[in-house]
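Enquirer: Sequence plus predicted model, see below.
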Amino acid sequence: MGHSAIVSGQIDLTQVKGFLFDVDGTLSDTDDHLVERISRRLAPLAWLWKNRDPRPFARWFVMTAESPANTLYSLADRLHLDAYLAKLYDWYSRRRHAKTPAHERFWLVPGVKPMLDELKGRYPLAVVSARDRNTTLHFLEHFDLMSTFEVVVTAQTCQHTKPFPDPVVFAAQALGLDAQQCVMVGDTIVDVISGKSAGAQTIAVLCGFGTQRELERAGADMILSSTADLIQLFNDDNGHPRET
């Protein structure tokens, strides 16, 4: 097994019967996509930054904004205002969908597709996303991932979305499992909190919005460099499948 893939922690694979995946920052390379979009917008002001490169600032902004954004969305959920936010985001997404080609709107985390193809032969898989249903399905359809997942849970599926346990419990039950038999894979503390509060094991990945320090503090059972590294848990040092 590649030692660089596992940053910290471990999970008990003997208890695992299914995997649940977040989308943004976990399957979708959303953070890099946002950094590129912001960098392009800041290009006319490139002279403000060292080496005329606004990307470091754009990445700092994206990573810094993640926690406040999650807090605001969680507050809206508690106040039952998330439905209005979902409608607003759906309107915005439809406008972008009409103007922007899919290959510019959606990026896939490198190595995720072959990982999912291999994992699908071992476990039932589900999506547990805080995205709205339309953009989640557009993403999955664009990368031909609809048949990969038996269940797709979005922000509108349950009364409360992440960080509440509701969507994790719903996805597990839809797979015919208990949450304790599942692993929630995500890139933010919201994913970790949602999974742990449901009783699932949690794997956090560093290819998205979360930092190692905050993910460890949230109690992630394992942290991987990338979602694609998940398959290394099931292969030996030579890349051959090991018994689970």
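Expert: Nice, I can see it.

Enquirer: how about the nearest residue to Val109, chain neighbours excluded?
Expert: Spatial nearest neighbour of Val109, chain neighbours left out: Asp29 (4.9 Å); criterion: C-beta to C-beta, 6 or more residues apart in numbering. All C-beta atoms are positioned from the backbone trio N, CA, C, and that covers glycine.

Enquirer: so how far is Ile203 from that neighbour?
Expert: 18 Å (C-beta to C-beta, to the nearest Å).

Enquirer: Which one's more surrounded, those two?
Expert: Ile203 (30 against 21; other C-beta atoms under 10 Å).

Enquirer: Now do the SS call for that one.
Expert: Classification of Ile203 using DSSP: H, G, I helix; E, B strand; the rest coil returns strand.

Enquirer: follow-up on the earlier one: just checking, the residue nearest to Val109 touches Phe139?
Expert: No: under the criterion of C-beta atoms under 8 Å, Asp29 makes no contact with Phe139, lying 10.9 Å away.

Enquirer: residues shared between the contacts of those two?
Expert: Residues touching both Asp29 and Phe139 by C-beta atoms under 8 Å, 6 or more residues apart in numbering: none at all.

Enquirer: Strands of this structure, residue ranges please.
Expert: Secondary structure of the chain (DSSP state E): strands at 6-9, 18-21, 125-128, 151-153, 182-186, 201-205, 222-224.

Enquirer: Make a markdown table from those and add distance to Phe164 to it.
Expert: Converted to a markdown table, those look like this (distance: least, C-beta to C-beta, whole Å):
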| stretch | distance to Phe164 |
| --- | --- |
| strand 6-9 | 23 |
| strand 18-21 | 14 |
| strand 125-128 | 11 |
| strand 151-153 | 12 |
| strand 182-186 | 13 |
| strand 201-205 | 15 |
| strand 222-224 | 22 |
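
Enquirer: What distance do you get for Gln10 to Asp22?
Expert: In this view, Gln10 and Asp22 are 20 Å apart by C-beta to C-beta.

Enquirer: From the neighbour counts alone, determine which of the two ranks first.
Expert: The neighbour comparison of Gln10 against Asp22 (other C-beta under 10 Å) goes to Asp22, with 27 against 10.

Enquirer: Leaving out sequence neighbours, find the closest residue to that one.
Expert: Here the residue nearest Asp22, using C-beta to C-beta, 6+ apart, is Gly186, at 3.6 Å.

Enquirer: And Leu116, by the same measure?
Expert: Thr148 (5.2 Å).

Enquirer: which regions of this structure lie under the pLDDT threshold?
Expert: Low-confidence segments of the chain (pLDDT under 70): 1-4, 30-40, 42, 54-105, 236-244.

Enquirer: Please, where are all the helices along this protein?
Expert: Secondary structure of the chain by DSSP state H: the helices cover 30-42, 55-78, 82-99, 102-105, 112-120, 133-142, 166-174, 189-198, 212-218.

Enquirer: still on that earlier bit, what is the neighbour count of the residue nearest to Leu116?
Expert: Per other C-beta under 10 Å, the neighbour tally for Thr148 reads 18.

Enquirer: again with Asn134
Expert: Neighbours of Asn134 under the rule other C-beta under 10 Å: 16.

Enquirer: quick one: buried residues of stretch 195-213?
Expert: Buried positions in stretch 195-213, judged by neighbour count with 16 or more other C-beta atoms under 10 Å: 195-198, 200-211.

Enquirer: Quick one: end-to-end length of that stretch, please.
Expert: Using C-alpha to C-alpha, to the nearest Å, one end of stretch 195-213 lies 18 Å from the other.
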